[in-house]
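Peer 1: any chance you could fold what I've pasted below:
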Amino acid sequence: MPKRRSVGSENLIGQNIVLLRRRLGINQDTLLSRLQVRGIDISQTTLSDIEGQKRRVYDKELVAFADIFGVTLNDLFNPPDLEET
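Peer 2: Down below sits the predicted model:
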């Protein structure tokens, strides 16, 4: 997957979502399926916009992301010991 050319400023967690998703070893489609089970129905384009920090994240989405990744809401903003590999 090519690197992002630019990063937006609409949210603070987009890049952390990418890191957490990769740490779990799941792709965007799997993440979208897990979100949908939790009542969050967004498109792949919308997820890409969130990850690229080009779309704001709703509170219900924050809770779902934290649940899927098994982290606290605070960890979404400041993930512990995460480095991109």
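
Peer 1: any idea which residue is closest to the centre of the chain?
Peer 2: By C-alpha atoms, centre = their mean, the mean C-alpha position of the chain lies nearest to residue 17, the distance being 2.9 Å.

Peer 1: quick check: closest non-adjacent residue to it.
Peer 2: residue 51 (5.3 Å; C-beta to C-beta, 6 or more residues apart in numbering). C-beta: built from backbone N, CA, C; applies to glycine.

Peer 1: show me where the chain has its helices.
Peer 2: All helices of the chain, identified by DSSP state H, fall at 14-24, 28-37, 44-51, 59-69, 73-77.

Peer 1: same list (those) but as TSV, adding mean pLDDT and distance to residue 7.
Peer 2: Output for those, formatted as TSV (pLDDT from 0 to 100; distance: least, C-beta to C-beta, whole Å):
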stretch	mean pLDDT	distance to residue 7
helix 14-24	95	7
helix 28-37	98	17
helix 44-51	98	9
helix 59-69	98	18
helix 73-77	94	15
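
Peer 1: ends of stretch 46-64, how far apart?
Peer 2: 15 Å (C-alpha to C-alpha, to the nearest Å).
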